[in-house]
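Asker: After the sequence you'll find the predicted model.
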Amino acid sequence: MSEHRVPRSGPDDTDPVVPPTLWYTTPAADWETGSLPIGNGAMGACVFGGLGTERLQFNEKTLWTGGPGSADLPDGGYDSGNWPRDRPRALTRVRERIDSDGQADPEWVAGELGGPRTGFGAYQSFGDLLVEGLAVVGVGDYRRWLDLADAIAGVGYTSAGVRHTREFFASHPDQVVVARFAADTPGRVDCVVRLATPDNRTGRTTAGDGRITCSGRLTDNGLRYEAQVQVLADGGTRTDGPDGTVTVRGADAVLLILAAGTDYAPTFPDYRGDDPHPGVGARVDAAVARGDAELRVRHVADHGGLFDRVRLHLGQAAPEVPTDELLHRYRAGVAGPAQRRALEALHFQYGRYLLIASSRAGSLPANLQGVWNDSTAPPWAGDYHVNVNLQMNYWAAETTNLTETATPLFDYVEGLVAPGERTARRLYDAPGWVVHNETTPYGYTGVHDWATAFWFPEAGAWLARHHWEHWLFTGDEDFLRERAWPLLRSLARFWLDVLVTDPRDGALVVNPSYSPEHGPFTAGAAMSQQIVRDLFGNARQAARLVGVDDEFTAALDAALDRLDTGLRVGSWGQLQEWKHDADDPDDTHRHVSHLYALHPADHLDPDRDPELVAAARRALRARGDGGTGWSRAWKINFWARLRDGDHAHLMLAELLAGSTLDNLWDTHPPFQIDGNLGATAGVAEMLVQSHHRAVHILPALPACWPHGSVSGLRARGDVTVDLVWADHRPTTVTLHAGRTGPIVVRGLPTATVTGPDGTVRPAAADGALLRIDAVAGERYLLTSTGSGRPVQWETRSL
Ligand code: FUC
């Protein structure tokens, strides 16, 4: 039990880092604002810490209505989304209207190209594991916590002189959720355990030998599901009830082991696999055989293997106030600097925790709520919105050293190819594949008819950027050859076919084009062009790297020559959102889509493109510092790319003060996890960036973080970075080279470099960059020798 943790050491082994823990002195008031989430990627659970009753609301990520067999489909048949059959002709009509009038009304376009959304479905709560009849007499010293480093949630309190403790974790290696109820006096744990599930399914619940089993089918689509929980009592008595409950009396401790699954499979077009019954039962049996101590050790080692890779120290003090109180003080502007930094550092690590908990190999990617959902009709269906949200969920995956968490995203995106090919053929009569504004585990790649948010065919190309980034960060050539390149190629095929010539200037443009959730339909909106250019550029580079030089790459070169860049400076100095200059300086819309080239792409660089960067800054400033949770998170990243640390920090402060719930979940409102994960990515961008083959140290450090250290951040080129700074300047930087080759470093004052053989020498001053000819597996320590010009290290032979 980790009520009191010993501080860990910081990157320089002297600096104590406050253990990242959320804690509270009262039970959760409700699911959304107060419950504490645990998860193993496939399953999630939310701990309430109630006194008489503990409620563990739980999820399994594949429990979705919709898709094949959905009652929502007129003929019961399922395709890959919706589109009436004459769509290529409708597309021509829309294009002609845009070419002649310069724009088209979204309602009219939705009438032409959209259709009612059927068979889409929604992510489902699996149910509640309820533990009732717990000790409540004379309760005192209550505490509830979530330890981010161990990924263990807990509850502790005293009742009638007995100390009661509860511990909860979701194990990835053992694929079970574990709950343990204990007391410091023998024989004092009593409870009734039961499973409760929503009524939109056929479920039957039984109990035998302390095992509660609940299985059935979703009414909507017949998806089979099953949950099993084994109740183990240490001492006392255990009785199965005819109503599917298990009662324990007078135990020293009670252990619950829960597993759940469905017969979903990520395979188009049926999306069905094996009956979940044997797998769920086997997982519980295997976990019971291991026992709780071993389950816990395996879980902590697995989680720590990811989480511990990055440590952040901003000079935070261990907060002596509960997390909700800390947040309220931050919001009210009465938290001191060290308390503010405590919340900021905790929130950064919470994003990493949430990503690990909601995205592990073998399941679906993190959805709008990660893996946590207490409803049968969650906001936006708890789906995969792909006009920013799913992408944002994964911005921190590579930079904060959690590359494994992106595996479900890669699998999922590749799974969209088959349904997306059908959609490309039917809707555009085009090769390759496409996905629109939002999608589901059933490969929904078609459209619907909500005028301002149904048309976003660029989504696939944006998603594929993550494959490309994975290659840039890891240098994994097999991944490049077998996964990134084929994906980029199939998307480029689609876009080579779908681009049209703009009669205004002969350039290649996207038409119809819709800047996400904003404005009229036009041709060549900035984001459409920037994304397609990004795709073509990355596909071109990938082709070169894998040695492909053929008609297709020649077509890509020719298209790149004619492609509108989507980068234009308008009448008030702004980067334009549309090809025509129509931006309103008072428009504070939450989407800042026209800055895609700045972030997540790396097409705008403050040194190389000062005029366009100034225009991007102008546009961003006009959009303001407000916005929904994820919008604020994106703005942290934008300002970090603009190398304005104070403004990036301001956006972090806005997000914490205005878009964060007591359990530190981001709120749109309502709860949406993208803001958590996007903010974590933004903080990483403030500390280390790596564009155009240079590792930039502290590109956007805010004045309010004068001293600190971070270890384990990742840079493109397979480099891991540890750094310490003082008085706003880096003092030591350690680079771990994953590959042999040059590492170029920027942002350092004069430094000495210690090579792998331990020899120290001053680096020769030469221009703005420092170059190290690194050898794979070696570490390079860069030590500041005071102020002065930046330096260059010529050779590695010291
Ligand atoms: C995008 C946003 C909305 C919301 C939704 C889930 O469409 O514009 O604000 O976040 O996703």
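Answerer: Okay, I see it. Residues are numbered from 1 along each chain as shown.
Asker: Next, the buried residues of stretch 204-224.
Answerer: For stretch 204-224, burial by neighbour count (16 or more other Cβ atoms under 10 Å) applies to 205, 207, 210-215, 217-218, 220-221, 223-224. Every residue, glycine included, has its C-beta placed from N, CA and C.
Asker: wait, stretch 734-743
Answerer: Result for stretch 734-743 [16+ other Cβ under 10 Å]: buried residues Thr734, Leu735, His736, Ala737, Gly738, Ile743.
Asker: how long is that stretch end to end?
Answerer: In stretch 734-743, first residue to last residue: 12 Å (Cα to Cα, to the nearest Å).
Asker: before we move on, back to that, out of the buried residues of stretch 204-224, who's nearest the ligand?
Answerer: The shortest approach to the ligand among those belongs to Asp220, at 21.5 Å (Cβ to the nearest ligand atom).
Asker: give the contact list for that closest one.
Answerer: Each residue near Asp220 by Cβ atoms under 8 Å, 6 or more residues apart in numbering is listed here: Thr65, Gly66, Ser70, Ala71, Asp72, Gly121, Asn200.
Asker: measure it to Thr118 for me?
Answerer: 12 Å (Cβ to Cβ, to the nearest Å).
Asker: shared neighbours, the two?
Answerer: Common neighbours of Asp220 and Thr118 (Cβ under 8 Å, 6+ apart) are Ser70, Asp72.
Asker: From the buried residues of stretch 734-743, which land in helices?
Answerer: Of the buried residues of stretch 734-743, none are assigned to helices by DSSP state H.
Asker: what's the farthest-apart pair in the residues you listed?
Answerer: Thr734 and Gly738 (13.5 Å; Cβ to Cβ).
Asker: follow-up on the earlier one: same list (the contacts of Asp220) but as a markdown table, adding neighbour count, distance to the ligand and secondary structure.
Answerer: Below are these laid out as a markdown table (neighbours: other Cβ atoms under 10 Å; distance: Cβ to the nearest ligand atom, whole Å; DSSP: H, G, I helix; E, B strand; the rest coil):
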| residue | neighbour count | distance to the ligand | secondary structure |
| --- | --- | --- | --- |
| Thr65 | 26 | 18 | coil |
| Gly66 | 28 | 17 | coil |
| Ser70 | 22 | 21 | coil |
| Ala71 | 13 | 25 | coil |
| Asp72 | 18 | 20 | coil |
| Gly121 | 24 | 16 | coil |
| Asn200 | 15 | 22 | coil |
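Asker: where's the dip in pLDDT among these?
Answerer: Least confident by pLDDT among the contacts of Asp220: that is Asp72, with 86.
Asker: List the contacts of it.
Answerer: Per Cβ under 8 Å, 6+ apart, neighbours of Asp72: Thr65, Gly66, Thr118, Gly119, Phe120, Gly121, Asp220.
Asker: if we go to 10 Å?
Answerer: By Cβ atoms under 10 Å, 6 or more residues apart in numbering, the residues touching Asp72 are Thr65, Gly66, Tyr78, Pro116, Arg117, Thr118, Gly119, Phe120, Gly121, Asp220, Asn221.
Asker: what's the answer for Leu402, then?
Answerer: Counting by Cβ under 10 Å, 6+ apart, Leu402 has contacts 306-307, 309-310, 351-352, 355-356, 359, 394, 396, 680, 712, 714.
Asker: Of these, which ones also sit close to the ligand?
Answerer: The overlap between the contacts of Leu402 and the neighbours of the ligand (Cβ under 6 Å from any ligand atom) is empty.
Asker: Which single one of the residues you listed is nearest to the ligand?
Answerer: Tyr394 (15.3 Å).
Asker: is it true that that closest one touches Ala681?
Answerer: Yes. Applying Cβ atoms under 10 Å as the test, Tyr394 and Ala681 come out as touching, 8.6 Å apart.
Asker: State the pair within the contacts of Asp72 that is farthest apart.
Answerer: Pro116 and Asn221 (17.6 Å).
Asker: What parts of the chain come near the ligand?
Answerer: Counting by Cβ under 6 Å from any ligand atom, the chain sits next to the ligand at Leu368, Trp380, His385, Asn387, Asn389, Ala453, Glu517, Arg590, Thr628, Trp630, His668, Gln672.
Asker: Which strand or helix spans the fourth one?
Answerer: Counting by DSSP states H and E, Asn387 is held by no secondary-structure element, helix or strand.
Asker: and it, what does it touch?
Answerer: Residues in contact with Asn387 (Cβ under 10 Å, 6+ apart) are 436-438, 453, 455-456, 458-459, 462, 514-517, 527, 591, 593.
Asker: ditto for the fifth one
Answerer: Contacts were defined as Cβ under 10 Å, 6+ apart; by that measure Asn389 touches 366-368, 380, 383, 438, 630, 668, 672-675, 677-678.
Asker: For the stretch 651-798 of the chain, which residue gets nearest to the ligand?
Answerer: For the stretch 651-798 of the chain, Cβ to the nearest ligand atom, closest residue to the ligand: His668, 5.4 Å.
Asker: Might you report the residue contacts of that residue?
Answerer: 368, 379-380, 389, 590, 627-631, 659, 674-675.
Asker: try 8 Å
Answerer: Pro379, Thr628, Gly629, Trp630, Ser659, Gly675.
Asker: again with Asn511
Answerer: Asn511 makes contact with Arg95, Ile98, Asp99, Val500, Asp502, Thr522, Ala523, Gly524, according to Cβ under 8 Å, 6+ apart.
Asker: how about a cut-off of 6 Å?
Answerer: Residues in contact with Asn511 (Cβ atoms under 6 Å, 6 or more residues apart in numbering) are Arg95, Ile98, Val500, Ala523.
Asker: Ignoring the adjacent residues along the chain, who's closest to it?
Answerer: Excluding its sequence neighbours, the residue lying closest to Asn511 (Cβ to Cβ, 6 or more residues apart in numbering) is Ala523, at 3.8 Å.
Asker: Would you mind confirming that the one you found is in contact with Val509?
Answerer: Yes. Ala523 is within contact range of Val509, at 4.8 Å (criterion: Cβ atoms under 6 Å).
Asker: can you list the contacts of Asp72 in TSV and add secondary structure and distance to Thr158?
Answerer: Formatted as TSV, the contacts of Asp72 follow (DSSP: H, G, I helix; E, B strand; the rest coil; distance: Cβ to Cβ, whole Å):
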residue	secondary structure	distance to Thr158
Thr65	coil	44
Gly66	coil	47
Tyr78	coil	55
Pro116	coil	57
Arg117	coil	52
Thr118	coil	55
Gly119	coil	53
Phe120	coil	49
Gly121	coil	46
Asp220	coil	46
Asn221	coil	48
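Asker: any chance of those residues in a markdown table, plus distance to Gly140?
Answerer: Shown next, in a markdown table, are those (distance: Cβ to Cβ, whole Å):
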| residue | distance to Gly140 |
| --- | --- |
| Thr65 | 44 |
| Gly66 | 48 |
| Tyr78 | 56 |
| Pro116 | 56 |
| Arg117 | 52 |
| Thr118 | 55 |
| Gly119 | 53 |
| Phe120 | 49 |
| Gly121 | 46 |
| Asp220 | 47 |
| Asn221 | 49 |
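Asker: Tell me which of those has the lowest pLDDT.
Answerer: Among those, Tyr78 has the lowest pLDDT, at 71.
Asker: Looking at the contacts of Asn511, point me to the pair that's furthest apart.
Answerer: Within the contacts of Asn511, two members stand farthest from each other by Cβ to Cβ: Ile98 and Val500, at 9.8 Å.
Asker: So between the two, which is more surrounded?
Answerer: Ile98 (23 against 18; other Cβ atoms under 10 Å).
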